[in-house]
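S.K.: okay, here's the prediction I keep looking at, along with the sequence it came from:
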Amino acid sequence: MNTIDPDRAAELARRVVALRTWARGLYTCEAGVELLIRAWGGRLLTGPWIVTDPADGTVWFDTRKVSEAGYLSGGERRMLELAASITADRPIHLGDTLSGLERHATELVLAAVAHAAGTHEHSEMTFDVDGRPTGFERLTSLHPWPHS
């Protein structure tokens with residue numbers, strides 16, 4: 001049975017809160033950070049691309065450092081590259097990157113793209129039976145984040 005060191009678990013929980021705070025309000029940053037948090041139980045939350053400012057404790061995703069991910073598996077590296085691309089417009093080859101993802105990772109990427117595009121904030125007009133506009137209805141995300 002795997003046990004997680006309580007201090008490490010607490011540090012990762014703090015890092016999740018700090019990263020979400022840093023990304024809040026920018027859908028692309030939110031989407032990239034969620035990929036880091038949700039993929040492989042947060043494994044991508046520990047690496048040189050997660051930076052903490054020693055002066056004030058601000059935590060951010062430094063997409064320039066994803067090239068230092070040589071120790072990750074192929075799937076982890078692909079997810080990190082996707083997160084960096086969504087967050088900071090880093091070019092990647094989607095065909096190569098997407099073709100190597102397993103199913104759950106692909107589901108996360110679909111949710112990230114939907115979030116980055118703002119589909120969770122979209123709405124559409126509603127009409128009465130005579131076709132007259134009656135207001136707006138908020139739509140759900142095209143692909144919501146999975147629960148697990």
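M.R.: Everything's here; your move.
S.K.: what residue of this protein is the furthest out?
M.R.: The C-alpha centroid of the chain is most remote from Asp130, which lies 42.4 Å away (C-alpha atoms, centre = their mean).
S.K.: neighbouring contacts of stretch 79-94?
M.R.: With contact meaning C-beta atoms under 8 Å, 6 or more residues apart in numbering, stretch 79-94 is reached by 23, 28-29, 31-33, 35-36, 39-40, 44, 47, 49, 61, 63, 66, 69, 72, 97, 101, 105, 108-109, 112-113, 116. C-beta: built from backbone N, CA, C; applies to glycine.
S.K.: mind doing that once more with 7 Å?
M.R.: Stretch 79-94 is contacted from outside by 28-29, 31-32, 35-36, 39, 44, 61, 63, 66, 69, 72, 97, 105, 109, 112, 116, using C-beta atoms under 7 Å, 6 or more residues apart in numbering.
S.K.: among the residues you listed, which are located in helices?
M.R.: 28-29, 31-32, 35-36, 97, 105, 109, 112, 116 (DSSP state H).
S.K.: for the chain, give me the ranges with low pLDDT.
M.R.: 1-3, 148 (pLDDT under 70).
S.K.: hmm, 80 instead?
M.R.: Residues of the chain that meet the criterion pLDDT under 80 lie in 1-4, 89, 148.
S.K.: longest helix of it?
M.R.: helix 6-23.
S.K.: using CSV, write down the CA coordinates of it.
M.R.: Output of helix 6-23 as CSV, limited to C-alpha atoms (Å, rounded to 0.1, in the frame of the first residue of the first chain):
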residue,chain,number,x,y,z
PRO,A,6,1.7,14.0,5.5
ASP,A,7,4.2,16.9,5.2
ARG,A,8,4.5,16.3,1.4
ALA,A,9,0.7,16.0,1.0
ALA,A,10,0.3,19.3,2.9
GLU,A,11,2.9,21.0,0.7
LEU,A,12,1.2,19.8,-2.5
ALA,A,13,-2.2,21.0,-1.2
ARG,A,14,-0.7,24.5,-0.6
ARG,A,15,0.9,24.4,-4.0
VAL,A,16,-2.5,23.6,-5.6
VAL,A,17,-4.2,26.5,-3.9
ALA,A,18,-1.3,28.9,-4.8
LEU,A,19,-1.3,27.8,-8.4
ARG,A,20,-5.0,28.2,-8.8
THR,A,21,-4.8,31.6,-7.2
TRP,A,22,-2.0,32.6,-9.6
ALA,A,23,-4.1,31.4,-12.6
